[in-house]
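Engineer: no FASTA, just this:
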């Protein structure tokens, strides 16, 4: 099976779907914050590198290391920037600013990187792709 770099629009749509899931999880009484952090951390470790958003859009996260499959370990590492942003989001104003800066920084990296890799992808040695 061959892959190509995922398009920006498809990645944005998949991310928005996952963001809706995080928001819904955050609304759960007493466990919302923990549930949202858990989903952010492990979302790409399910079903061969596909979060719910990626599955619906037709994307997947793959390891750039030969013979390594996408696992929960890589998912947690690649989503560390988003975990940090989610923690900052709990702090009004200044926390929201830092969370927003993290998200913008990650988006700029996706646009500027030839493989479409953001900081989390570089750390985990992963890439988001479309099946061709």
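Structural biologist: Good, I have the coordinates. Source: prediction; values computed, not measured.

Engineer: Break down the chain into its strands, ranges please.
Structural biologist: Secondary structure of the chain by DSSP state E: the strands cover 3-5, 59-63, 126-131.

Engineer: closest to residue 111 out of these?
Structural biologist: Closest of these to residue 111 is strand 3-5, at 11.6 Å (criterion: C-beta to C-beta). All C-beta spots, glycine's among them, are computed from the backbone N, C-alpha and C.

Engineer: The chain: helices as residue ranges?
Structural biologist: All helices of the chain, identified by DSSP state H, fall at 8-26, 32-42, 52-57, 72-78, 80-89, 94-112, 119-124.

Engineer: Would you mind giving those helices as CSV with mean pLDDT and mean neighbour count added?
Structural biologist: What follows is the helices of the chain, written out as CSV (pLDDT from 0 to 100; neighbours: other C-beta atoms under 10 Å):
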stretch, mean pLDDT, mean neighbour count
helix 8-26, 95, 16
helix 32-42, 95, 18
helix 52-57, 96, 19
helix 72-78, 96, 20
helix 80-89, 96, 18
helix 94-112, 96, 14
helix 119-124, 97, 19
